[in-house]
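3D model of this:
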Amino acid sequence: MNLKDTNAIITGASGGIGKTIALCFLREGAEVLAVARNRKELDELARVARQEGFSLNTYIADVSKSAAVQSVTKEMGRLWGGKVDTLVNAAGIYGPKNLLEETAPEEWLQAILVNLYGTMLMTRAVIPFMKRQKHGSIINFSGGGEGALPRFSAYAASKGGVVRFTETIAEEVKKFGLCVNAIAPGAVNSRLLDEAIAAGKEKVGLAFYEKLLQQKREGGVSPDKAAQLALFLASSAPRSLTGKVLSAVWDTRAQIEKYADQILKSDIYNWRRIKPKDRGYDW
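From the prediction side, this is the model:
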């Protein structure tokens, strides 16, 4: 999965998943522009990269703000003349953790702005450059499991939106040679986990709180799984794979390559309504 002579923008690069992806891309030969809001954490990431012998480009920006995203594209132009091969939208927050009626609407909206609107803004910003190149891979992040996520309604709604956004934009740009996919990273032990535990069982619910503690003890899913899947999607191997939601835990590169034709010609790895006939009923 050599990424030599490719350029990648990675948002949320100060978080556990984004940081791991940035380092993995550097190791595979890519030039990386790491974007995040926290200067201290970005500086630490750059220090780690230097220790490994890599030069990492960093940029402070809040992807939920249109002007900040425009400044990221200007920085991309300064660094690479507008050539961008991969965009990884890894910026994300949990948002409010409570019952909906006890949640401040402004806090609920903030999760939508970062997780969904920010993904849209960054995607919208790079598409014109990728269209001119006639190639490019956009990698978004879903999350929250496959069902309801009580007390995390903003997070669940925003990540569900990312999935349908991914499917939709994939259809819009595939004739230009662009691929748009989403990764479900699994239960990673990250800053979001620590935030949820710190919120306490009164806000996140006793059952979920105990589940979080168990995840913390057992180590959770390694962020390297998401990074390896992102590397695969950024490589030239899966150029026709687009509009899919892939699990970093369950969907292996070998499996995707082996069954590529079936995946592309079906709604496998897509979110769909389950109908009665899907469960053997005739109504």
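
Tell me where the model's unsure across the stretch 101-250 of the chain.
237-239 (pLDDT under 70).

try 80
Scanning the stretch 101-250 of the chain with the threshold set as pLDDT under 80 gives 144-146, 187-193, 215, 236-239.

just so I have it, where are all the helices in it?
105-112, 118-133, 153-173, 191-199, 201-204, 206-218, 223-234 (DSSP state H, counting those that start in this stretch).

So for Gly77, which of the ones you listed sits nearest?
helix 118-133 (8.7 Å; C-beta to C-beta). (Glycine included, C-beta is placed from N, CA and C.)

Relative to Leu3, how far out is Ala46?
Here Ala46 is placed at a distance of 19 Å from Leu3 (C-beta to C-beta, to the nearest Å).

repeat for Arg27
9 Å.

Which one of the two is surrounded by more residues?
Remark: of Arg27 and Leu3, Leu3 carries more neighbours, 22 against 15, as counted by other C-beta atoms under 10 Å.

pretty sure that one is touching Leu231, no?
Yes - assessed by C-beta atoms under 8 Å, Leu3 is found in contact with Leu231 at 7.3 Å.

Tell me the confidence at Pro63?
Let me fix one detail, which is that residue 63 is Val and not Pro. What the model reports as pLDDT for Val63 is 97.

How about the contacts made by Ile127?
Ile127 is in contact with 136, 138, 169, 173, 178, counting by C-beta atoms under 8 Å, 6 or more residues apart in numbering.

same thing but at 10 Å, please
Taking C-beta atoms under 10 Å, 6 or more residues apart in numbering as the contact definition, Ile127 lies against 87, 136, 138, 169, 172-173, 176, 178, 180.

Derive a ChimeraX selection command for the buried subset of these.
To isolate the buried members of the contacts of Ile127 in ChimeraX, using 16 or more other C-beta atoms under 10 Å:
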select :87,136,138,169,173,178,180
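
any chance of the contacts of Ile127 in JSON lines, with distance to Arg217 too?
As requested, the contacts of Ile127 are arranged in JSON lines below (distance: C-beta to C-beta, whole Å):
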{"residue": "Leu87", "distance to Arg217": "35"}
{"residue": "Gly136", "distance to Arg217": "40"}
{"residue": "Ile138", "distance to Arg217": "35"}
{"residue": "Ile169", "distance to Arg217": "39"}
{"residue": "Glu172", "distance to Arg217": "44"}
{"residue": "Val173", "distance to Arg217": "43"}
{"residue": "Phe176", "distance to Arg217": "47"}
{"residue": "Leu178", "distance to Arg217": "42"}
{"residue": "Val180", "distance to Arg217": "36"}
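
burial of Tyr209, as a residue count?
There are 18 residues near Tyr209, going by other C-beta under 10 Å.

Isn't it up against Ala199?
Yes - shown here, Tyr209 and Ala199 form a contact pair, counting by C-beta atoms under 10 Å, at 8.5 Å.

any residues in contact with both of these two?
Arg151.

need the contact list for the closest residue to Ala260 other than its chain neighbours.
Take Ala260 and drop its neighbours on the chain: the residue closest to it by C-beta to C-beta, 6 or more residues apart in numbering is Leu241, 6.7 Å away. The contact partners of Leu241, by C-beta under 10 Å, 6+ apart, come to 137, 170, 179-181, 232-233, 256-257, 260, 263-264, 269.

From those residues, list the buried ones, please.
The buried subset of the contacts of Leu241 - by 16+ other C-beta under 10 Å - is 137, 170, 179-181, 232-233, 256, 263, 269.

Among these, which one lies nearest to Gly53?
Distances from Gly53 to the buried ones among the contacts of Leu241, taken by C-beta to C-beta, are shortest for Phe232, at 23.8 Å.

From the chain's centroid, how far away is stretch 60-71?
17 Å (C-alpha atoms, centre = their mean, to the nearest Å).
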